[in-house]
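>>> kindly return the folded structure for what I paste below:
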Amino acid sequence: MTSLSRLEGLGHVADDYEAILCDVWGVVHDGRRAFPGACDALRRFRDKRGPVVLITNAPVPRSRVTALFPRLGVPEDCYDDVVTSGEATTHELLRHAPGPVYPIGLADDMSVYAGLELEFTTEADKARVVCCTSLREVPDGRPETYRNELAALAERGLTMICANPDVQFRYGDRLIWSAGSLAGLYETLGGRVIRPGKPDETIYRLAFERLATLNGRPVSASRVLGIGDGPATDIRGASGQGMDSLFIGAGIHGHAMADGEGFLDSAREVLEADGAEARYAMPQLKW
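All right, here's what the predicted structure looks like:
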């Protein structure tokens, strides 16, 4: 098992890495405002060491993610590029075209299907694949209300593409159920799920392609630091790629984090609960 160390600042280990893959929601911002210390740390890494690619399970194109940044206060100079689960989902949907696709999610999430020659249906017996981008009722939706609908889809043997593997996300001081919660329920009902986002391979393949372009050559995973607040997504995903990882405690699991000397013990408990191992942990990202 990897020994977890508390990191006082990203600057203490920056020289060990050539690039960063950093989560967005919960690390860079909380949906309402940017975290200035995190943005400053990423900016300093870019100036001192190399590229920063933000890697997010948002089920939308890159442009939808970056369009929020000015309002939240995320500066353009703290990252080089953004890779989204929405992009990875597009690659997966192409394998299932033309469908018909049974969509589950917000109307705003339809941008993930833009430019694809797909058919859609709201009838389970006509569908060939399910694509879940979110719950339809945000922020108040609950996974259990979907049980009968999902059971009917699973009974037909339909594969679900889960465009956002996050089970929950933090919006300010609230936890909101996300598409990953429906994917988990679908599996308990006997359904098969494909997760193009973190922690699985597809999104990381795209991210490393972007890093190679930015760096002018491929970057070894051992020289890339993965940063995130999700043990089951960010941290396990980084480990699966052979990367070191930095767990940020104040994100999705902020309610479970102890202050002061107890922080590291609480971080270990949270990581172990999801079968994740990180090399470093800190309450919030800072330089």
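>>> where exactly do the strands run in this protein?
5-6, 19-22, 52-56, 81-84, 101-104, 129-132, 159-162, 168-171, 174-177, 192-194, 224-228, 244-248, 280-282 (DSSP state E).
>>> nearest to residue 216, out of these?
Closest approach to residue 216 among the strands of the chain (Cβ to Cβ): strand 19-22, 11.8 Å. In short, each C-beta sits where N, CA and C put it, glycine included.
>>> pull the distance from the closest one to the chain's centre.
With Cα atoms, centre = their mean, to the nearest Å as the basis, strand 19-22 stands 13 Å off its chain's centre.
>>> what pairs with that strand, and is each one parallel or antiparallel?
strand 52-56 (parallel), strand 224-228 (parallel) (DSSP bridges).
>>> pLDDT on the first one, on average?
Put plainly, it is strand 52-56. Averaging pLDDT along strand 52-56 gives 98.
>>> can you give me the angle the longest helix belonging to the chain makes with strand 224-228?
Assignment by DSSP state H gives helix 201-215 as the longest helix of the chain. Angle between the axes of helix 201-215 and strand 224-228 is 130 degrees (criterion: axes from the mean of the first three to the mean of the last three Cα atoms, to 10 degrees).
>>> export the strands paired with strand 19-22 to JSON lines and tack on distance to residue 81?
Formatted as JSON lines, the strands paired with strand 19-22 follow (distance: least, Cβ to Cβ, whole Å):
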{"stretch": "strand 52-56", "distance to residue 81": "5"}
{"stretch": "strand 224-228", "distance to residue 81": "14"}
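>>> which of these is buried the deepest?
Of the strands paired with strand 19-22, the one with the most neighbours on average (mean count of other Cβ atoms under 10 Å) is strand 224-228, at a mean of 28.
>>> which residues are in contact with it?
For strand 224-228, contacts defined as Cβ atoms under 8 Å, 6 or more residues apart in numbering pick out 13, 16-23, 26-27, 198, 208, 211, 234-235, 237-238, 241, 243-248, 251, 285.
>>> okay then, goodbye and thanks.
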